[in-house]
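A.B. asks: here is a sequence together with a model predicted from it:
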Amino acid sequence: MNHDERQLIQHILQTTRKGNIDNISRTNCYESFYFRYQEIKWAFLAGLVSRNAGWNMCDLEGKSYSSLLTKQYRSYLFLTYERANWLIFQDAYPQLLLYHYSTKIERPLFHLPPYFHVSAFMQQEWFRFWQTGNENRLLYSLIINEQNLIQEPIISKLFYQKKVFQTVPFYLQELFHFNAVIFPTCYGEIFGATVKKFVKLDQRIELGKKLAWILFQTGKLQAFIDFAIHTPHTGSRYDYEKFWLKNGTHPC
């Protein structure tokens, strides 16, 4: 590794730390990257899913959840959302930045992912994408990678199992589909999907693939892009409810 690569690694680490401050900064980073490199479809999927995480975390302080759940349980849920999304960003954003700088110098920098603790699986997939340009394969690879990434430190970890995933409130959320991921448009439309048995790795991967299909295969992509461009992410569900409440009469 030469001097320039060492400097680049430090720069990417610093940029990632800055972007991983909170849910809003993560969302903005993902979506800004996608608007620059629309061939990296996962970045837009990650941005919209991050918006959902923000809305859910904000909801925990709202009247409905405050009356139904204890303050301690809500804090555990918040920690779960935040930790999972922090881990994914910490892993994924350096990969995105390596792609960015690879395009700048017109040669792949995908020998550097190990310095960011990125899996060998994704290192190979980035090399393959650079050679083939297969956008969907990279999209699905990143979906698989992110869900494997959080399996051990979050989903299977005893603390989160006892405090969140094996509790009655979490079971009821799954039962009534409160854990849906939604994609809104400026016309008040709502699209999305839910996952049963969230703790199951294969179920979460299938959810990611369903969401990717909604984004990129239903002909609604531009509507989702318009929403993201014209709706700064605040963490509040009012970001999309303001369009829904107007009954589709307030397009971007």
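C.D. replies: Arrived safely, thanks for sending.

A.B. asks: after the helix or strand bottoming out on mean pLDDT in the chain, next one along is what?
C.D. replies: Taking mean pLDDT, DSSP states H and E as the measure, the helix or strand of the chain with the lowest value is helix 168-175, at a mean of 65. The C-terminal neighbour of helix 168-175 among helices and strands, as given by DSSP states H and E, is strand 181-184.

A.B. asks: which stretches in the stretch 51-200 of the chain count as helices?
C.D. replies: 63-68, 71-105, 120-132, 135-150, 158-160, 168-175 (DSSP state H, counting those that start in this stretch).

A.B. asks: quick check, residue 237 in contact with residue 61.
C.D. replies: No. Contact status for residue 237 versus residue 61: not in contact, 11.9 Å apart, counting by CB atoms under 8 Å. Bear in mind the C-beta positions are built from the backbone N, C-alpha and C, glycine included.

A.B. asks: quick one: which of those two has more around it?
C.D. replies: Shown here are residue 237 and residue 61; by other CB atoms under 10 Å, residue 237 has more neighbours (19 against 11).

A.B. asks: ok, now how distant is the more buried one from residue 224?
C.D. replies: 17 Å (CB to CB, to the nearest Å).

A.B. asks: which stretch among the helices of the stretch 51-200 of the chain comes nearest residue 39?
C.D. replies: Nearest of those to residue 39, taken as CB to CB: helix 135-150 at 5.3 Å.

A.B. asks: residues of the closest one that come out buried?
C.D. replies: 138, 139, 140, 141, 142, 143, 144, 145, 146, 147, 149, 150 (16 or more other CB atoms under 10 Å).

A.B. asks: what do you get for stretch 19-30?
C.D. replies: 19, 20, 23, 26, 27, 29, 30.

A.B. asks: not counting its own residues, what contacts stretch 125-137?
C.D. replies: Stretch 125-137 is contacted from outside by 39-41, 95, 98-99, 102, 108, 110, 113, 138, 141-142, 145, using CB atoms under 8 Å, 6 or more residues apart in numbering.
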